[in-house]
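Novice: Sequence and predicted structure below; questions after.
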Amino acid sequence: MDISPDAAHRLDPSGGCPHADNARLLARGAVAPVVLPGGIEGMAVLGHAALKEFLGDPEVAKNARHFAALREGRIGAGWPLMTFATVQGMITADGDDHRRLRALASRAFTPRRVTELRPGVEELAASLLDDLDRAAEADGGVADLRRHFALPLPMGVICELLGVEPEFRDRLRHLSNQVVATDIGPEQAVAANRELVAVLAAVAAARTERAGDDLTSALIAARDEDGDRLGQGELIGTLVLMIIAGHETTLNLITNAVRALCAHRDQLDLVREGAATWGDVVEETLRWDAPVSYFPFRYPVRDLTVDGTLIPAGTPVLAGYSAAGRDPAAYGPDADRFDVTRPGRPGAVRNLSLGHGAHYCLGAPLARMEATVALERLFARFPGLDVAVPGDELPRNSSFVGNSVRTLPVRLR
(Lines give C-alpha, C1' and ligand atoms only; values in the text may rest on other atoms or scores of the structure.)
Protein backbone atom coordinates (compact mmCIF):
# COMPACT_ATOMS: atom_id res chain seq x y z
CA MET A 1 0.00 0.00 0.00
CA ASP A 2 1.21 3.50 -0.82
CA ILE A 3 2.08 5.34 2.40
CA SER A 4 3.02 8.62 0.80
CA PRO A 5 1.75 11.74 2.57
CA ASP A 6 -0.87 12.26 -0.15
CA ALA A 7 -2.40 8.82 0.48
CA ALA A 8 -2.05 8.75 4.25
CA HIS A 9 -4.16 10.12 7.08
CA ARG A 10 -2.30 13.03 8.67
CA LEU A 11 -2.71 12.76 12.42
CA ASP A 12 -3.62 16.06 14.04
CA PRO A 13 -0.98 16.86 16.70
CA SER A 14 -3.54 18.94 18.60
CA GLY A 15 -5.68 15.87 19.18
CA GLY A 16 -9.45 16.15 18.92
CA CYS A 17 -12.20 13.56 18.99
CA PRO A 18 -10.97 10.53 17.01
CA HIS A 19 -14.21 8.73 16.27
CA ALA A 20 -15.27 10.35 12.98
CA ASP A 21 -11.81 9.85 11.47
CA ASN A 22 -11.71 6.30 12.83
CA ALA A 23 -15.02 5.42 11.16
CA ARG A 24 -13.85 6.86 7.86
CA LEU A 25 -10.54 5.00 8.00
CA LEU A 26 -12.13 1.72 9.09
CA ALA A 27 -14.50 1.90 6.12
CA ARG A 28 -11.38 1.68 3.92
CA GLY A 29 -9.73 -1.17 5.79
CA ALA A 30 -8.35 -2.46 9.08
CA VAL A 31 -4.88 -0.95 8.49
CA ALA A 32 -4.26 2.65 7.47
CA PRO A 33 -1.18 4.65 6.45
CA VAL A 34 -0.67 7.71 8.66
CA VAL A 35 1.64 10.70 8.79
CA LEU A 36 3.14 11.38 12.20
CA PRO A 37 4.44 14.77 13.39
CA GLY A 38 7.45 15.88 11.38
CA GLY A 39 6.18 14.14 8.25
CA ILE A 40 7.26 10.69 9.47
CA GLU A 41 5.43 7.92 7.63
CA GLY A 42 3.77 5.26 9.73
CA MET A 43 0.82 2.93 9.92
CA ALA A 44 -2.11 2.45 12.28
CA VAL A 45 -3.84 -0.87 12.90
CA LEU A 46 -7.51 -0.04 13.48
CA GLY A 47 -9.64 -3.17 13.09
CA HIS A 48 -10.25 -5.30 16.19
CA ALA A 49 -9.20 -8.65 14.69
CA ALA A 50 -6.23 -7.12 12.86
CA LEU A 51 -5.05 -5.32 15.99
CA LYS A 52 -5.31 -8.46 18.13
CA GLU A 53 -3.29 -10.37 15.55
CA PHE A 54 -0.69 -7.60 15.26
CA LEU A 55 -0.24 -7.17 19.02
CA GLY A 56 0.38 -10.88 19.42
CA ASP A 57 2.74 -11.32 16.46
CA PRO A 58 6.25 -12.45 17.55
CA GLU A 59 7.68 -10.67 14.49
CA VAL A 60 6.62 -7.29 15.91
CA ALA A 61 9.12 -5.53 18.20
CA LYS A 62 9.05 -2.64 20.66
CA ASN A 63 12.76 -1.74 20.72
CA ALA A 64 13.52 1.44 18.76
CA ARG A 65 16.56 -0.15 17.11
CA HIS A 66 13.98 -1.50 14.67
CA PHE A 67 12.61 2.02 13.94
CA ALA A 68 14.02 2.68 10.47
CA ALA A 69 13.56 6.48 10.36
CA LEU A 70 15.15 6.90 13.79
CA ARG A 71 18.02 4.55 13.00
CA GLU A 72 18.71 6.46 9.79
CA GLY A 73 18.89 9.82 11.60
CA ARG A 74 15.73 11.31 10.08
CA ILE A 75 14.19 12.26 13.45
CA GLY A 76 15.46 15.08 15.66
CA ALA A 77 15.83 15.02 19.44
CA GLY A 78 12.80 17.28 19.97
CA TRP A 79 10.36 15.01 18.19
CA PRO A 80 7.20 15.03 20.40
CA LEU A 81 6.88 11.23 20.34
CA MET A 82 10.53 10.54 21.15
CA THR A 83 9.91 9.39 24.72
CA PHE A 84 7.52 6.68 23.53
CA ALA A 85 10.23 5.35 21.23
CA THR A 86 13.38 5.66 23.30
CA VAL A 87 12.59 5.56 27.02
CA GLN A 88 14.33 2.58 28.62
CA GLY A 89 12.12 0.03 30.32
CA MET A 90 9.60 -2.68 29.63
CA ILE A 91 7.58 -0.50 27.23
CA THR A 92 10.48 -0.56 24.72
CA ALA A 93 11.96 -3.96 25.57
CA ASP A 94 11.58 -7.30 23.83
CA GLY A 95 12.14 -10.94 24.70
CA ASP A 96 14.20 -11.73 27.77
CA ASP A 97 14.75 -8.05 28.63
CA HIS A 98 11.01 -7.45 28.63
CA ARG A 99 10.30 -10.51 30.77
CA ARG A 100 13.00 -9.49 33.25
CA LEU A 101 11.72 -5.94 33.65
CA ARG A 102 8.08 -6.96 33.76
CA ALA A 103 8.77 -9.55 36.46
CA LEU A 104 10.43 -6.91 38.64
CA ALA A 105 7.43 -4.58 38.44
CA SER A 106 4.64 -7.15 38.47
CA ARG A 107 4.73 -7.70 42.24
CA ALA A 108 2.94 -4.38 42.73
CA PHE A 109 0.02 -5.36 40.48
CA THR A 110 -0.93 -8.90 41.48
CA PRO A 111 -4.67 -9.55 42.04
CA ARG A 112 -3.99 -9.94 45.77
CA ARG A 113 -2.12 -6.63 45.92
CA VAL A 114 -4.90 -4.83 44.02
CA THR A 115 -7.48 -6.26 46.44
CA GLU A 116 -5.40 -5.02 49.36
CA LEU A 117 -5.29 -1.55 47.81
CA ARG A 118 -9.06 -1.20 47.45
CA PRO A 119 -9.85 0.13 50.99
CA GLY A 120 -7.24 2.86 50.53
CA VAL A 121 -8.67 3.77 47.12
CA GLU A 122 -12.16 3.98 48.63
CA GLU A 123 -10.90 6.21 51.42
CA LEU A 124 -9.09 8.50 48.96
CA ALA A 125 -12.17 8.66 46.72
CA ALA A 126 -14.35 9.74 49.66
CA SER A 127 -11.88 12.47 50.60
CA LEU A 128 -11.66 13.75 47.03
CA LEU A 129 -15.45 13.85 46.74
CA ASP A 130 -15.44 16.15 49.76
CA ASP A 131 -12.95 18.35 47.89
CA LEU A 132 -15.14 18.26 44.78
CA ASP A 133 -18.17 19.28 46.83
CA ARG A 134 -16.31 22.21 48.40
CA ALA A 135 -15.04 23.36 45.00
CA ALA A 136 -18.59 23.32 43.63
CA GLU A 137 -19.95 25.26 46.62
CA ALA A 138 -17.34 27.93 45.98
CA ASP A 139 -18.29 28.29 42.31
CA GLY A 140 -22.06 28.28 42.02
CA GLY A 141 -22.51 24.53 42.23
CA VAL A 142 -20.12 23.68 39.37
CA ALA A 143 -16.66 22.09 39.65
CA ASP A 144 -14.13 20.51 37.31
CA LEU A 145 -14.47 16.79 38.00
CA ARG A 146 -11.29 15.99 36.12
CA ARG A 147 -9.18 18.36 38.22
CA HIS A 148 -10.69 17.62 41.61
CA PHE A 149 -11.47 13.89 41.35
CA ALA A 150 -10.58 11.96 38.19
CA LEU A 151 -6.95 13.12 38.18
CA PRO A 152 -5.88 13.12 41.86
CA LEU A 153 -7.36 9.67 42.51
CA PRO A 154 -5.10 7.60 40.20
CA MET A 155 -2.18 10.01 40.64
CA GLY A 156 -2.38 9.60 44.39
CA VAL A 157 -2.57 5.82 44.13
CA ILE A 158 0.37 5.39 41.75
CA CYS A 159 2.53 7.85 43.70
CA GLU A 160 1.78 5.94 46.89
CA LEU A 161 2.67 2.66 45.18
CA LEU A 162 5.95 4.12 43.95
CA GLY A 163 6.79 5.88 47.20
CA VAL A 164 6.83 9.33 45.56
CA GLU A 165 7.23 12.07 48.15
CA PRO A 166 4.37 14.64 48.19
CA GLU A 167 6.65 17.50 47.12
CA PHE A 168 7.29 15.81 43.76
CA ARG A 169 3.71 14.97 42.82
CA ASP A 170 2.39 18.20 41.33
CA ARG A 171 5.47 18.60 39.14
CA LEU A 172 5.26 14.99 37.94
CA ARG A 173 1.60 15.52 37.07
CA HIS A 174 2.46 18.55 34.92
CA LEU A 175 5.48 16.95 33.23
CA SER A 176 3.70 13.72 32.39
CA ASN A 177 0.99 15.76 30.65
CA GLN A 178 3.72 17.47 28.62
CA VAL A 179 5.30 14.16 27.64
CA VAL A 180 2.06 12.69 26.23
CA ALA A 181 1.18 15.89 24.33
CA THR A 182 1.77 15.65 20.59
CA ASP A 183 1.43 19.35 19.76
CA ILE A 184 4.40 20.82 21.64
CA GLY A 185 7.52 22.22 20.00
CA PRO A 186 10.96 20.57 19.99
CA GLU A 187 12.51 22.77 22.67
CA GLN A 188 9.55 22.31 25.00
CA ALA A 189 9.55 18.54 24.43
CA VAL A 190 13.25 18.22 25.19
CA ALA A 191 12.94 20.38 28.32
CA ALA A 192 9.95 18.41 29.63
CA ASN A 193 11.68 15.08 29.12
CA ARG A 194 14.89 16.25 30.78
CA GLU A 195 13.04 17.63 33.78
CA LEU A 196 10.90 14.49 34.11
CA VAL A 197 14.04 12.36 34.21
CA ALA A 198 15.61 14.72 36.75
CA VAL A 199 12.58 14.67 39.04
CA LEU A 200 12.35 10.87 38.91
CA ALA A 201 16.07 10.60 39.60
CA ALA A 202 15.41 12.69 42.72
CA VAL A 203 12.58 10.34 43.66
CA ALA A 204 14.91 7.35 43.24
CA ALA A 205 17.60 9.07 45.30
CA ALA A 206 15.11 9.71 48.10
CA ARG A 207 14.07 6.07 48.11
CA THR A 208 17.72 4.98 48.06
CA GLU A 209 18.31 6.97 51.25
CA ARG A 210 15.03 5.98 52.88
CA ALA A 211 13.88 2.62 51.52
CA GLY A 212 10.25 1.76 52.18
CA ASP A 213 7.55 -0.74 51.32
CA ASP A 214 7.09 0.63 47.80
CA LEU A 215 7.84 -0.39 44.23
CA THR A 216 10.69 2.09 43.72
CA SER A 217 12.52 0.75 46.77
CA ALA A 218 11.97 -2.81 45.52
CA LEU A 219 13.34 -1.93 42.08
CA ILE A 220 16.38 -0.24 43.62
CA ALA A 221 16.99 -3.30 45.83
CA ALA A 222 16.85 -5.53 42.75
CA ARG A 223 19.38 -3.29 41.01
CA ASP A 224 21.72 -3.27 43.99
CA GLU A 225 21.56 -7.06 44.46
CA ASP A 226 22.78 -7.69 40.94
CA GLY A 227 24.04 -4.74 38.91
CA ASP A 228 23.04 -6.17 35.54
CA ARG A 229 19.42 -6.81 36.50
CA LEU A 230 18.25 -3.19 36.44
CA GLY A 231 20.38 -0.30 35.26
CA GLN A 232 19.81 3.31 36.30
CA GLY A 233 18.35 4.11 32.88
CA GLU A 234 15.95 1.17 33.14
CA LEU A 235 14.96 2.24 36.66
CA ILE A 236 14.12 5.79 35.55
CA GLY A 237 12.41 4.50 32.40
CA THR A 238 10.26 2.16 34.46
CA LEU A 239 9.27 5.03 36.74
CA VAL A 240 8.40 7.18 33.69
CA LEU A 241 6.12 4.43 32.40
CA MET A 242 4.51 3.85 35.80
CA ILE A 243 3.83 7.53 36.46
CA ILE A 244 2.36 8.24 33.02
CA ALA A 245 0.45 5.02 32.41
CA GLY A 246 -0.45 4.72 36.09
CA HIS A 247 -2.57 7.85 36.11
CA GLU A 248 -3.21 9.04 32.53
CA THR A 249 -5.16 5.96 31.43
CA THR A 250 -7.36 5.85 34.53
CA LEU A 251 -7.87 9.61 34.49
CA ASN A 252 -9.21 9.42 30.93
CA LEU A 253 -11.23 6.29 31.70
CA ILE A 254 -13.06 7.91 34.64
CA THR A 255 -13.61 11.14 32.70
CA ASN A 256 -14.94 9.35 29.63
CA ALA A 257 -17.23 7.11 31.69
CA VAL A 258 -18.80 10.09 33.49
CA ARG A 259 -19.35 11.87 30.19
CA ALA A 260 -20.92 8.76 28.66
CA LEU A 261 -23.27 8.14 31.59
CA CYS A 262 -24.37 11.76 31.74
CA ALA A 263 -25.11 11.72 28.00
CA HIS A 264 -26.95 8.38 28.28
CA ARG A 265 -29.06 8.63 31.43
CA ASP A 266 -30.97 5.47 30.46
CA GLN A 267 -27.71 3.53 30.80
CA LEU A 268 -27.08 5.01 34.23
CA ASP A 269 -30.59 3.91 35.20
CA LEU A 270 -29.77 0.33 34.14
CA VAL A 271 -26.88 0.27 36.60
CA ARG A 272 -29.03 1.66 39.39
CA GLU A 273 -31.71 -0.93 38.64
CA GLY A 274 -29.17 -3.78 38.80
CA ALA A 275 -29.40 -4.65 35.09
CA ALA A 276 -25.67 -3.89 34.73
CA THR A 277 -22.74 -3.38 37.09
CA TRP A 278 -20.22 -0.58 37.51
CA GLY A 279 -17.69 -3.06 36.14
CA ASP A 280 -19.82 -3.29 32.98
CA VAL A 281 -19.72 0.51 32.71
CA VAL A 282 -15.93 0.42 32.90
CA GLU A 283 -15.68 -2.26 30.20
CA GLU A 284 -18.11 -0.51 27.89
CA THR A 285 -16.29 2.80 28.33
CA LEU A 286 -12.96 1.11 27.55
CA ARG A 287 -14.52 -0.13 24.32
CA TRP A 288 -16.71 2.80 23.31
CA ASP A 289 -14.42 5.69 24.23
CA ALA A 290 -10.99 4.15 24.88
CA PRO A 291 -8.73 6.24 27.15
CA VAL A 292 -5.88 5.80 24.65
CA SER A 293 -6.59 6.43 21.00
CA TYR A 294 -3.36 5.74 19.07
CA PHE A 295 -0.58 4.22 21.15
CA PRO A 296 3.05 4.36 19.88
CA PHE A 297 5.01 2.27 18.82
CA ARG A 298 5.61 -1.19 17.47
CA TYR A 299 7.86 -2.13 14.51
CA PRO A 300 7.71 -5.17 12.25
CA VAL A 301 11.15 -6.79 12.19
CA ARG A 302 10.41 -7.98 8.65
CA ASP A 303 7.88 -7.01 5.99
CA LEU A 304 4.53 -8.00 7.45
CA THR A 305 1.10 -8.32 5.88
CA VAL A 306 -1.83 -7.55 8.18
CA ASP A 307 -5.36 -7.97 6.85
CA GLY A 308 -4.04 -7.78 3.30
CA THR A 309 -1.96 -4.63 3.84
CA LEU A 310 1.82 -4.67 3.70
CA ILE A 311 3.60 -2.99 6.62
CA PRO A 312 7.30 -2.66 5.70
CA ALA A 313 9.93 -3.66 8.23
CA GLY A 314 10.95 -0.77 10.47
CA THR A 315 7.67 1.15 10.07
CA PRO A 316 6.44 2.83 13.27
CA VAL A 317 2.98 1.40 13.91
CA LEU A 318 0.29 2.83 16.16
CA ALA A 319 -2.20 0.61 17.99
CA GLY A 320 -5.58 2.15 17.16
CA TYR A 321 -7.45 1.27 20.34
CA SER A 322 -10.29 3.77 19.96
CA ALA A 323 -10.97 2.60 16.42
CA ALA A 324 -10.87 -1.11 17.32
CA GLY A 325 -13.39 -0.49 20.08
CA ARG A 326 -16.03 0.64 17.58
CA ASP A 327 -15.22 -1.83 14.82
CA PRO A 328 -18.56 -3.11 13.43
CA ALA A 329 -16.84 -6.34 12.35
CA ALA A 330 -16.28 -7.16 16.04
CA TYR A 331 -19.20 -5.43 17.76
CA GLY A 332 -21.94 -5.44 15.15
CA PRO A 333 -23.87 -2.67 13.42
CA ASP A 334 -24.52 -0.88 16.73
CA ALA A 335 -20.82 -0.67 17.60
CA ASP A 336 -21.05 3.11 17.99
CA ARG A 337 -23.84 2.83 20.61
CA PHE A 338 -22.97 3.06 24.32
CA ASP A 339 -24.61 0.01 25.91
CA VAL A 340 -23.62 -1.04 29.44
CA THR A 341 -25.36 -4.41 29.06
CA ARG A 342 -23.07 -5.38 26.17
CA PRO A 343 -20.11 -6.68 28.26
CA GLY A 344 -22.35 -9.10 30.18
CA ARG A 345 -23.88 -10.81 27.14
CA PRO A 346 -22.88 -14.40 26.26
CA GLY A 347 -20.10 -14.41 23.68
CA ALA A 348 -19.31 -10.70 24.14
CA VAL A 349 -16.03 -9.67 22.52
CA ARG A 350 -13.45 -8.46 25.04
CA ASN A 351 -12.09 -5.02 24.24
CA LEU A 352 -8.40 -4.45 23.50
CA SER A 353 -8.13 -1.01 25.07
CA LEU A 354 -5.58 -2.09 27.68
CA GLY A 355 -3.55 -4.10 25.20
CA HIS A 356 -3.07 -7.74 24.28
CA GLY A 357 -0.23 -10.22 24.30
CA ALA A 358 3.13 -9.93 26.03
CA HIS A 359 2.78 -6.16 26.52
CA TYR A 360 -0.75 -6.28 27.97
CA CYS A 361 -1.08 -3.41 30.48
CA LEU A 362 0.48 -4.52 33.75
CA GLY A 363 -1.73 -2.14 35.70
CA ALA A 364 -5.02 -3.17 34.05
CA PRO A 365 -6.50 -4.74 37.23
CA LEU A 366 -5.63 -1.60 39.21
CA ALA A 367 -7.10 0.73 36.56
CA ARG A 368 -10.33 -1.26 36.45
CA MET A 369 -10.62 -1.28 40.24
CA GLU A 370 -9.91 2.45 40.57
CA ALA A 371 -12.46 3.35 37.89
CA THR A 372 -15.12 1.06 39.37
CA VAL A 373 -14.66 2.54 42.85
CA ALA A 374 -14.62 6.09 41.46
CA LEU A 375 -17.88 5.73 39.52
CA GLU A 376 -19.74 3.86 42.25
CA ARG A 377 -18.78 6.39 44.94
CA LEU A 378 -19.30 9.43 42.68
CA PHE A 379 -22.88 8.61 41.65
CA ALA A 380 -23.81 7.37 45.12
CA ARG A 381 -22.71 10.69 46.60
CA PHE A 382 -24.12 12.86 43.79
CA PRO A 383 -26.97 10.94 42.06
CA GLY A 384 -28.07 14.04 40.15
CA LEU A 385 -24.59 14.86 38.81
CA ASP A 386 -24.54 16.12 35.24
CA VAL A 387 -22.09 17.74 32.83
CA ALA A 388 -22.53 21.51 33.07
CA VAL A 389 -21.76 22.42 29.43
CA PRO A 390 -22.61 20.87 26.05
CA GLY A 391 -20.28 18.04 25.13
CA ASP A 392 -19.06 19.67 21.93
CA GLU A 393 -17.84 22.70 23.92
CA LEU A 394 -15.45 20.67 26.08
CA PRO A 395 -11.79 21.25 25.08
CA ARG A 396 -10.03 18.08 23.97
CA ASN A 397 -6.63 16.78 25.07
CA SER A 398 -3.75 18.16 23.02
CA SER A 399 -2.72 14.70 21.89
CA PHE A 400 -3.75 11.95 19.51
CA VAL A 401 -2.41 9.44 22.06
CA GLY A 402 -4.61 10.17 25.07
CA ASN A 403 -8.33 10.33 24.27
CA SER A 404 -10.39 12.57 26.53
CA VAL A 405 -11.22 16.17 27.36
CA ARG A 406 -9.02 18.61 29.28
CA THR A 407 -11.74 19.75 31.67
CA LEU A 408 -15.08 18.31 32.77
CA PRO A 409 -17.22 20.92 34.57
CA VAL A 410 -20.08 19.18 36.34
CA ARG A 411 -23.07 20.34 38.33
CA LEU A 412 -23.30 18.12 41.40
CA ARG A 413 -26.96 18.70 42.30
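Specialist: Here it is on my side, so go on.

Novice: Would you mind measuring from residue 330 to residue 353?
Specialist: Distance, residue 330 to residue 353, using Cβ to Cβ, to the nearest Å: 12 Å. C-beta: built from backbone N, CA, C; applies to glycine.

Novice: The two: which has the busier surroundings?
Specialist: residue 353 (28 against 19; other Cβ atoms under 10 Å).

Novice: which stretches of the stretch 301-413 of the chain form strands?
Specialist: 304-306, 309-311, 317-320, 386-387, 409-411 (DSSP state E, counting those that start in this stretch).

Novice: What of the chain?
Specialist: 9-10, 31-36, 40-45, 60-61, 142-144, 294-300, 304-306, 309-311, 317-320, 386-387, 409-411 (DSSP state E).

Novice: Let's have those strands in CSV, adding distance to residue 396.
Specialist: Shown next, in CSV, are these (distance: least, Cβ to Cβ, whole Å):
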stretch, distance to residue 396
strand 9-10, 17
strand 31-36, 18
strand 40-45, 18
strand 60-61, 30
strand 142-144, 15
strand 294-300, 14
strand 304-306, 29
strand 309-311, 28
strand 317-320, 17
strand 386-387, 15
strand 409-411, 15
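
Novice: Determine how far the last residue of stretch 380-389 lies from the first.
Specialist: 22 Å (Cα to Cα, to the nearest Å).

Novice: same question but for stretch 270-282, I mixed them up
Specialist: Note: stretch 270-282 ends 14 Å apart using Cα to Cα.

Novice: And for it, what's in contact with it?
Specialist: 253, 257, 260-261, 267, 340-344, 368, 371-372, 375-376, 379 (Cβ atoms under 8 Å, 6 or more residues apart in numbering).

Novice: Separate out the buried members of these.
Specialist: 253, 257, 260-261, 267, 340, 342-343, 368, 371-372, 375-376, 379 (16 or more other Cβ atoms under 10 Å).

Novice: In helices, which of these appear?
Specialist: 253, 257, 260, 261, 267, 368, 371, 372, 375, 376, 379 (DSSP state H).

Novice: Per-residue pLDDT of the second one, please?
Specialist: Going back to what we said before, that points to residue 257. Looking at residue 257, its pLDDT reads 98.

Novice: measure the residue lying closest to it once chain neighbours are set aside to residue 408 for me?
Specialist: Closest residue to residue 257 apart from its sequence neighbours, by Cβ to Cβ, 6 or more residues apart in numbering: residue 285 at 4.1 Å. Here residue 285 is placed at a distance of 14 Å from residue 408 (Cβ to Cβ).

Novice: Looking at the strands of the chain, which is nearest to residue 179?
Specialist: Using Cβ to Cβ as the measure, strand 294-300 is the one of the strands of the chain that comes nearest residue 179, at 11.9 Å.

Novice: and the closest one, which strands flank it?
Specialist: If you go by DSSP bridges, strand 294-300 pairs up with strand 60-61 (antiparallel), strand 317-320 (antiparallel).

Novice: ok so, going back, residue contacts, the residue nearest to residue 257?
Specialist: Per Cβ under 8 Å, 6+ apart, neighbours of residue 285: 253, 256, 257, 260, 371.

Novice: now do 6 Å
Specialist: 256, 257, 260 (Cβ atoms under 6 Å, 6 or more residues apart in numbering).

Novice: Just the pLDDT at it, thanks.
Specialist: For residue 285, pLDDT reads 98.

Novice: Quick check: beta-bridge partners of residue 387?
Specialist: Going by DSSP bridges, residue 387 forms beta bridges with residue 410.

Novice: and the nearest residue to residue 74 once chain neighbours are set aside, what pLDDT?
Specialist: Nearest non-adjacent residue to residue 74, counting by Cβ to Cβ, 6+ apart: residue 40, 7.4 Å away. Note for residue 40: predicted pLDDT of 96.

Novice: Bridge partners for residue 40, pull those for me.
Specialist: residue 36.

Novice: which of the ones in helices among the buried ones among the contacts of stretch 270-282 sit farthest apart?
Specialist: Farthest-apart pair in those is 267 and 368; separation 18.3 Å (Cβ to Cβ).

Novice: Closest to residue 17 out of the contacts of stretch 270-282?
Specialist: Nearest member of the contacts of stretch 270-282 to residue 17, counting by Cβ to Cβ, is residue 260, at 13.1 Å.

Novice: residues touching the nearest residue to that closest one once chain neighbours are set aside, list them.
Specialist: In this structure, residue 260 finds its nearest non-sequential neighbour in residue 338, 5.2 Å apart by Cβ to Cβ, 6+ apart. Counting by Cβ under 6 Å, 6+ apart, residue 338 touches 260, 264, 288.

Novice: again with residue 294
Specialist: 44, 318, 320, 400.

Novice: How far does stretch 329-349 sit from its chain's centre?
Specialist: Averaging C-alpha positions (Cα atoms, centre = their mean, to the nearest Å) puts stretch 329-349 22 Å from its chain's average.

Novice: same check, this time on stretch 82-98
Specialist: So, by Cα atoms, centre = their mean, the centroid of stretch 82-98 is 16 Å from its chain's centroid.

Novice: Give me the buried positions along it.
Specialist: In stretch 82-98, counting by 16+ other Cβ under 10 Å, buried: 82-94, 97-98.

Novice: Mind listing residues that contact that stretch?
Specialist: Residues contacting stretch 82-98 (Cβ under 6 Å, 6+ apart): 61-64, 67, 101-102, 179, 193, 233-234, 237-238, 240-241, 296-297.
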